[in-house]
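Visitor: when you get a sec, could you give me coordinates for this:
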Amino acid sequence: MFTKLFTKGLCMAACLTGACIAQRPIFDAYPGLKDKVACVEFADLPTPVMRLSAIEKTVNNSCELYLKDDGKTGTRYGGNKVRKLEFLLADALKHGAKAVVATGGAGSNYTTAVSAYAPLVGLKSIVLLKPQVNVSTLRSNLLLSTYYGADIRYFKNGDARNEAVLQLLDSCRNYYVLGGGSNEIGTIGYVNAAFELKKQIDEGLIQEPDYIYVACGSMGTAAGLMLGLKAAGLKTRVVCVPTIPQSFAYMGTWAKGVAILYNQTSSFLHDLDEHFCVSDIIESDVIMHDVLFGGGYVTVDQEEYEAIMMARELEDIKLEGTYAGKAFAALMRDIRDGKLNGKKVLFWKTNSSADYSALTSTVNYKDLPQELHVYFETDVQPLDVGC
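Guide: Numbers count the residues shown, from 1 in each chain. You can find the predicted model right below:
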């Protein structure tokens, strides 16, 4: 099976030399980008939209509630990172890289996605991890990354890991993007996602939402959606739900960071195609939810736990507590508080939806670096719900 997928990946890489034409809707809207933005198309797109009727009836039937399931972006690994990697891995190939260096916490979705998809285009994955709170999804991600052949390295803190990044970047064969893949190239994945939503609206699959609720961590998903919605002529507003404490914001505030990434991506696309002309935004233009559920990164509180279990029991939707669960908890609170009465609201699910236990069961955690064994030999956090 792996050989078949690897061969498919080499065919995808041929797209960069003009052997095929990119089919993503952003290129239909801005044809001038086709020859200038590299893209390898391995995501299963478009992702489905559906109405959450059971939750509507249970919580409050005064708003229309929908889901867009980006958990189904891929079978090797799903979630929001896959959209970004279509552009990031293509850019890595364009620059002649042989390996992708990815960083994150021990249970990072981004590093797992890189581990899954880099081999499809003939790239090695080097995964540099730092400590985090223990959760069941962390265990699954570590085993899955091992299954896909990642070179996994673990560091006692972020400073030690960052020093290792600098050493790896001494070689031009190693391609690196900050955690989450959220630079102006990776963010294009979610500019494209907004055009995909516009197409689904035009096809009558969903009415234009008033709001989209989405988790906001490395900010690329939120910034890309905001920019893409504006470029596509939609009036939908994005509600960014924080997943990391404000004290970790390295640009002042998370809202400021989203605005900066939005403007950087807009400027980047305009430089490539002058027809892409979207005005800059400022911090106050970003809607950032004022609650960090669980109080910290990865941690889950009772309210978030109950929201996750509601989605699972009423709609068979699997969320996790690090990102998607926090966004859904914010949405449920705002519905209960009457803030969304009469509105059409779309919840953008960002975590992977598939069950990978058949793959991870073939991996022994003791094949991981010794320092990571502790995550398999100690309890997960209270209220852990995994996926």
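Visitor: domain map for the chain?
Guide: 2-79+184-349, 81-182 (automatic domain parsing).
Visitor: okay, now the unreliable bits of the stretch 101-250 of the chain?
Guide: For the stretch 101-250 of the chain, no stretch is flagged by pLDDT under 70.
Visitor: for it, what spans make up the strands?
Guide: 124-130, 151-154, 174-176, 211-216, 237-242 (DSSP state E, counting those that start in this stretch).
Visitor: residue 311 is nearest to which of those strands?
Guide: Nearest to residue 311 among the strands of the stretch 101-250 of the chain is strand 211-216 (12.5 Å), distances taken as C-beta to C-beta. Any C-beta I mention is one placed from the backbone N, CA and C, and that applies to glycine too.
Visitor: centre of the chain to that closest one, how far?
Guide: Its chain's C-alpha centre and that of strand 211-216 lie 12 Å apart, by C-alpha atoms, centre = their mean, to the nearest Å.
Visitor: what residues of that strand count as buried?
Guide: Using 16 or more other C-beta atoms under 10 Å as the test for burial, strand 211-216 gives 211, 212, 213, 214, 215, 216.
Visitor: so the fourth one touches residue 221, yeah?
Guide: Yes: A contact is recorded between residue 214 and residue 221 when judged using C-beta atoms under 8 Å, the distance being 5.9 Å.
Visitor: how about the helix or strand encompassing residue 260, which residues are buried there?
Guide: Under the criterion of DSSP states H and E, residue 260 resides in helix 254-272. Neighbour counts using 16+ other C-beta under 10 Å place 254-266, 268-269 of helix 254-272 among the buried residues.
Visitor: equivalent analysis for stretch 164-182, please.
Guide: In stretch 164-182, counting by 16+ other C-beta under 10 Å, buried: 164, 165, 168, 174, 175, 176, 177, 179, 180, 181, 182.
Visitor: what's the separation between residue 360 and residue 165?
Guide: 27 Å (C-beta to C-beta, to the nearest Å).
Visitor: thinking again about what came up before, out of the domains of the chain, the one nearest residue 356 is which?
Guide: Between the domains of the chain, domain 81-182 lies closest to residue 356; by C-beta to C-beta that is 5.4 Å.
Visitor: give the other helices and strands that the helix holding residue 260 contacts.
Guide: Under the contact criterion of 3 or more C-beta pairs under 8 Å, 6 or more residues apart in numbering; DSSP states H and E, helix 254-272 touches helix 188-202, helix 220-231, strand 237-242, strand 287-288.
Visitor: point out the most buried one among the ones you listed.
Guide: Among those, ranked by average contacts under mean count of other C-beta atoms under 10 Å, first place goes to helix 220-231 (a mean of 28).
Visitor: pop out the phi and psi values for the most centrally placed residue in the chain.
Guide: The centroid of the chain falls nearest to residue 80 when counting by C-alpha atoms, centre = their mean (2.8 Å). Main-chain torsions, residue 80, degrees, to the nearest 10: phi -70, psi -20.
Visitor: got a list of what the closest residue in space to it that isn't next to it in sequence touches?
Guide: The shortest distance from residue 80 to any non-neighbouring residue, by C-beta to C-beta, 6 or more residues apart in numbering, is to residue 350 (4.0 Å). Residue 350 is in contact with 70, 71, 79, 80, 214, 215, 221, 323, 324, 327, counting by C-beta atoms under 8 Å, 6 or more residues apart in numbering.
Visitor: give me that answer again for 6 Å
Guide: Residue 350 makes contact with 70, 79, 80, 215, 323, 324 under the criterion C-beta atoms under 6 Å, 6 or more residues apart in numbering.
Visitor: could you report the pLDDT at it?
Guide: Residue 350 carries a pLDDT value of 98.
Visitor: begin at 59, not 1, for the rest of this chat.
Guide: Will do, 59 is the new start, and the previous item becomes residue 408.
Visitor: after whichever strand or helix holds residue 361 comes which helix or strand?
Guide: Secondary-structure element containing residue 361, defined by DSSP H and E: helix 360-373. Using DSSP H and E, the next helix or strand after helix 360-373 towards the C-terminus is helix 382-394.
Visitor: so how far is whichever helix or strand comes after that following helix off the chain centroid?
Guide: Following helix 382-394 in sequence order, the next helix or strand is strand 402-407 (DSSP H and E). Remark: strand 402-407 is offset 15 Å from the chain centroid, using C-alpha atoms, centre = their mean.
Visitor: and what of stretch 209-229?
Guide: The answer for stretch 209-229 is 22 Å, by C-alpha atoms, centre = their mean.
Visitor: what's the end-to-end length of it?
Guide: Separation of the first and last residues of stretch 209-229 by C-alpha to C-alpha, to the nearest Å is 16 Å.
Visitor: now stretch 151-161: buried residues?
Guide: 151, 155, 157, 158, 159, 160, 161.
Visitor: the fifth one and residue 97: what is the separation?
Guide: As for residue 159, its distance to residue 97 is 21 Å (criterion: C-beta to C-beta).
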